[in-house]
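Trainee: Predicted model and sequence below, questions to follow.
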Amino acid sequence: MRMSSAEDAVNLQEDTNKVFQWATVNNMMFNEDKFQLLRYGKLEEIITRTEYTTDSGHTIERKTNVRDLGVVMSEDLTFKDHNSATIARAKKMIGWIMRTFKTRDAKPMMILFKSLVLSRLEYCCTLTSPFKAGEIADLESVQRSFTARISSVKHLNYWERLEALDLYSLERRRERYIIIYTWKILEGMVPNLHTEITPYESKRLGRRCKMPPTPCVSGAQNCLTASHQALGELPINPWLPSRESWTDT
């Protein structure tokens, strides 16, 4: 909900109270210990002078980041905390793999990596994909260090290991997911993220994607910018085919 005045904060509290009343009527009870408040924006007067309370009158605690459906949302509208937590979980799983399995052969190692580690690194990555070089390198270091422990390729550099193991870098895999999701947006197969991404035809470049203005760096805007950059690097012929032409082939 967009907050632009103290009156909006009052309205939000009233809406929250109605939810509490609904729960009471239906013999339900909310766990107040799990209530968390995450604030976005630069209106310091609203942020510092307003608060929200539970049904029992307790103030809902403000948090700098909150985990929702496996994604860590932060007050600064970036996913740095989420990616740091993702890297920590992936490294923890790699440690378990190394302690549990003695083999360092390529086939079993890659099966374990793809099933137990890669899925953690790429969860919701179309939204949380980093744009800063340092954060990109931090994520890539997980796959870099794991492949260096495979006996048959540990003497090779990282890019040679990827080629030998038939792998893409994590950055390239995220770009691919973003490209696919953007194509689905243009074909109406998934929500448009409230940003009105629209396709247009270029006689010279083929089907292109018109991007909305990006006044701030947020997770959604970062995803859109990354999709535009990744799509711009594709060759012209396969560039964003329509759904009809895709299914015809």
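Mentor: Sure thing, it's come through.

Trainee: Same question for stretch 57-76: list its buried residues.
Mentor: For stretch 57-76, the neighbour count (16 or more other Cβ atoms under 10 Å) marks 65, 71, 72, 73, 74, 75 as buried. Where C-beta positions appear, they are placed from N, C-alpha and C, glycine not excepted.

Trainee: Ok, stretch 127-137 next?
Mentor: Residues 127, 128, 129, 130, 135, 136 are the ones in stretch 127-137 that count as buried (16+ other Cβ under 10 Å).

Trainee: Which pLDDT does the model give the residue most central in space within the chain?
Mentor: Residue closest to the mean C-alpha point of the chain, counted by Cα atoms, centre = their mean, is residue 128 at 2.4 Å. Each residue has a pLDDT score; the one for residue 128 is 89.

Trainee: Give me the phi and psi angles of the residue nearest to it when sequence neighbours are not counted.
Mentor: Distances taken as Cβ to Cβ, 6 or more residues apart in numbering put residue 79 closest to residue 128, at 4.1 Å, once the chain neighbours are dropped. Main-chain torsions, residue 79, degrees, to the nearest 10: phi -120, psi 30.

Trainee: Make sure residue 79 is actually in contact with residue 130.
Mentor: Yes: using Cβ atoms under 8 Å, residue 79 is in contact with residue 130, at 6.9 Å.

Trainee: what's residue 106 in contact with, if anything?
Mentor: By Cβ atoms under 8 Å, 6 or more residues apart in numbering, residue 106 lies in contact with 150, 151, 152, 153, 165.

Trainee: out of these, who's nearest residue 203?
Mentor: Among the contacts of residue 106, residue 165 lies closest to residue 203 (Cβ to Cβ), at 41.5 Å.

Trainee: Just the pLDDT for that closest one.
Mentor: pLDDT, read off for residue 165, is 95.

Trainee: List the residues that contact it.
Mentor: Taking Cβ under 8 Å, 6+ apart, we find residue 165 in contact with 106, 110, 147, 150, 153.
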